[in-house]
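**Student:** this one's structure only:
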């Protein structure tokens, strides 16, 4: 895997680059649609490639381990072949899902024992097993096993958790070196910076992570309930330490405004369930602001979903029609909304990239962020 930095904005730390993986090139900044269990909910792979123009998607290690299971994925030749997707895939390590199962898991130095959310059966993830599972899934980019601390978090707990994450990273690196890819192409490991919202911990973690000389780096433990200002502060601190010549991935972020502000701080890669999850509840992101399409005000509005939209659904269907689909419970409503929101997020990072290359990113960002946060 190689990363080429093409340009950095003069008035911010925003970057445009190109990340080359075994399954293709990824122009950055990039947003990765979340395909939790081998599918981006309500969206066909053809639409992901041809209409939304997704360059890379994210798979979820915990959920794929649970269903269909890695034996099935190995028999299929890996997740790419299983789901019919020939572009890059990134997988998380399962650490966030273990964090979310706080009532049914036990964390020890050896790893994490947890209960399945499906049938209550017990399972164990160690750093080594997390790498093995991601080898079996076959993602191009895989994450080191970590503990994602909650917010708020006691300082001593955050410190102990961070230190354990660093020890786990050494075991992940060793497992990567002792094992090999199963499907004939390279897989790259991204370590994850932790440290909650504590300045000294974030600095220490970023320095430790940067010393691994990995192909890329992830920033975890943010967008877990902390104020946006804290997220921006820690993101800026970490980006100032991580190597400039490697890609930076901010995990689980966020709103359109969050993404633009964090691009300005030096982040290259993003993922979030927000565009598809909100879409299934009738919330649409547009260049003029946020729409709840289920509101009655849209009943007789036959204008397109977004005048500046880039997907076929933006020009093919009206607000009134999509509202009708949601009100009568038709699945097509969620599909149209999901395609629209993902198309908007991809257009957002594409335009950000263009503005960086043009040298106008900062003025453009300052102009559009107030529009993106409006409720229409």
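**Tutor:** Cool, the structure landed. All values derive from a computational prediction rather than experimental measurement. Numbers count the residues shown, from 1 in each chain.
**Student:** use CA for all of it now, contacts and neighbours both
**Tutor:** OK.
**Student:** the stretch 151-300 of the chain: helices as residue ranges?
**Tutor:** Assigned by DSSP state H, counting those that start in this stretch, the helices in the stretch 151-300 of the chain fall at 155-178, 199-210, 228-239, 256-264, 274-280.
**Student:** which one of those helices lies nearest to residue 28?
**Tutor:** Closest approach to residue 28 among these (C-alpha to C-alpha): helix 256-264, 9.9 Å.
**Student:** contacts for that closest one next, please.
**Tutor:** With contacts defined as C-alpha atoms under 8 Å, 6 or more residues apart in numbering, helix 256-264 is touched by 12-15, 29, 228, 232, 235-236, 253, 270, 345, 348-349, 352, 362, 365, 369, 372-373.
**Student:** between the helices of the stretch 151-300 of the chain, which one is closest to residue 308.
**Tutor:** Taking C-alpha to C-alpha, helix 256-264 is the member of those nearest to residue 308, at 15.2 Å.
**Student:** from the chain's centroid, how far away is the closest one?
**Tutor:** Relative to the chain's own centre, helix 256-264 is displaced by 13 Å; criterion: C-alpha atoms, centre = their mean, to the nearest Å.
**Student:** could you give the average pLDDT over it?
**Tutor:** In this model, helix 256-264 has an average pLDDT of 98.
**Student:** now the angle between helix 256-264 and the strand or helix carrying residue 340, please.
**Tutor:** Residue 340 is part of helix 331-358 when elements are defined by DSSP states H and E. Between helix 331-358 and helix 256-264, the angle comes out at 30 degrees (axes from the mean of the first three to the mean of the last three C-alpha atoms, to 10 degrees).
**Student:** oh, and call the first residue 493 from now on, that's how I've got it
**Tutor:** That works, and once the first residue is 493, the last one we named lands at helix 823-850.
**Student:** which residues are contacting the following helix or strand past helix 823-850?
**Tutor:** Per DSSP H and E, helix 823-850 leads on to helix 853-864 as the next helix or strand towards the C-terminus. By C-alpha under 8 Å, 6+ apart, the surrounding residues in contact with helix 853-864 are 501, 503-504, 506, 748-749, 752-753, 756, 777-782, 844, 847.
**Student:** repeat that with 10 Å
**Tutor:** 500-507, 747-750, 752-753, 755-756, 777-782, 843-848 (C-alpha atoms under 10 Å, 6 or more residues apart in numbering).
**Student:** middle-most residue in this structure, spatially?
**Tutor:** Using C-alpha atoms, centre = their mean, the residue of the chain that lies closest to the mean C-alpha position is residue 763, 1.8 Å off.
**Student:** surely that one meets residue 711?
**Tutor:** No - the pair residue 763 and residue 711 fails to qualify as a contact (C-alpha atoms under 10 Å) at a distance of 11.7 Å.
**Student:** shared neighbours, these two?
**Tutor:** With C-alpha under 10 Å, 6+ apart as the test, residue 763 and residue 711 both reach 741-744.
**Student:** name the member of these with the most neighbours.
**Tutor:** For the shared contacts of residue 763 and residue 711, the largest neighbour count, defined by other C-alpha atoms under 10 Å, is 27 neighbours, found at residue 742.
**Student:** was I right about that one contacting residue 714?
**Tutor:** Yes - at 8.2 Å, residue 742 counts as touching residue 714 under the criterion of C-alpha under 10 Å.
**Student:** redo the helices of the stretch 643-792 of the chain as CSV? Include mean neighbour count and distance to residue 791.
**Tutor:** Listed next are those as CSV, based on neighbours: other C-alpha atoms under 10 Å; distance: least, C-alpha to C-alpha, whole Å:
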stretch, mean neighbour count, distance to residue 791
helix 647-670, 18, 49
helix 691-702, 20, 48
helix 720-731, 18, 34
helix 748-756, 22, 26
helix 766-772, 22, 18
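**Student:** thanks a lot, catch you later.
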